[in-house]
Structures are given as structure tokens and as C-alpha cells.
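Peer 1: pasting the structure only:
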């Protein structure tokens, strides 16, 4: 089992940047594929990005490609989401999640086994 805690959210102007972090504890971090999801008020939780166990593979939802970068540091048991060129539509609660298997397709939230509590990102216009 793994416990996840997100940090780094906040209020930023459109065009700005933030870096989210997700610290893991418990079972060996490198055993997990890590993902970021987000959920805006009144909307379903949606996939943002995922990274494989060693960080050698990553994929993104189309709306963030070229703006967001997912990375991980297995020595620190931490996964990051660097968000550039933020838009008001990026405003959401961002969640970190973990699963044991890698798929290259866009995953559903219920395909991930462990979740953090989320961190709020608000982008003002």
C-alpha cells in the first residue's frame, strides 16, 4: 500500500506556472505507475498525465500536451507536475494517484488504486 500527499497548488494568473509535488510513503515507490488527475466543480475527474515506474515513458491528455510535464524522483519517492502557460480552464483540484500496471491509453480514474486528497489550483484571467 502507498500513501500520497500532494502540495504546490495555489492561485496563479493566466500564463503563469506552478509545480505540483506528490510525496509517497509506504511500499516501494518505484513499484508504481504514477498519475495526475484533476476535477473541476460539477465535472468528472479527468486524466492529466501518467509516468511509468522508471520515468522512461509518459503520456498526457491532449489539452495539456506541450504545457505540462510529469516527472518523478524515485530516490525521493516524489512525482511532480510542472504546469506552464496555465489557463483559467486548468482550474481544478489536482490529485495524485498510483497503480501497479502501465497502459499507454487514457486511463479511467477507477483504474488507479491509491489516491491523495488533492491540491487546489486556481488560474485567474
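Peer 2: Thanks, I have the structure now. Computed from a prediction, not measured in an experiment: that's the story for all the values here. Numbers count the residues shown, from 1 in each chain.
Peer 1: and the spatially most central residue of the chain, what is it in contact with?
Peer 2: Compute the mean C-alpha point of the chain, and by Cα atoms, centre = their mean the closest residue is residue 36, 2.1 Å away. Applying Cβ atoms under 8 Å, 6 or more residues apart in numbering to residue 36 gives the contacts 20, 22, 48, 49, 50, 70, 79, 81, 94, 95, 96, 97. C-beta here means a position set from N, CA and C on the backbone, and glycine is covered the same way.
Peer 1: for those residues, which one is nearest residue 40?
Peer 2: Taking Cβ to Cβ as the measure, residue 94 is the one of the contacts of residue 36 closest to residue 40, at 10.4 Å.
Peer 1: okay, and the closest one sits in which element?
Peer 2: Using DSSP states H and E, residue 94 sits within strand 92-99.
Peer 1: what pairs with residue 123 across the strands?
Peer 2: Here residue 123 sits in beta bridges with residue 12, as judged by DSSP bridges.
Peer 1: which residues touch it?
Peer 2: Counting by Cβ under 8 Å, 6+ apart, residue 123 makes contact with 12, 13, 14, 16, 86, 87, 88, 89, 90, 91.
Peer 1: what's the closest of those residues to residue 59?
Peer 2: Closest to residue 59 out of these is residue 90 (17.9 Å), distances taken as Cβ to Cβ.
Peer 1: who does the nearest residue to residue 96 once chain neighbours are set aside form a beta bridge with?
Peer 2: With Cβ to Cβ, 6 or more residues apart in numbering as the criterion, residue 96 has its nearest non-adjacent residue at 3.3 Å, and that residue is residue 22. Bridge pairing for residue 22 (DSSP bridges) gives the partners residue 6, residue 79.
Peer 1: now do the strands in this structure.
Peer 2: 2-7, 10-13, 18-26, 33-39, 46-51, 58-60, 68-73, 78-83, 92-99, 114-115, 119-124 (DSSP state E).
Peer 1: and the last one, what's buried?
Peer 2: The neighbour-count criterion (16 or more other Cβ atoms under 10 Å) identifies 119, 121, 123 as the buried residues of strand 119-124.
Peer 1: same question for the longest one.
Peer 2: For strand 18-26, the neighbour count (16+ other Cβ under 10 Å) marks 18, 20, 21, 22, 23, 24 as buried.
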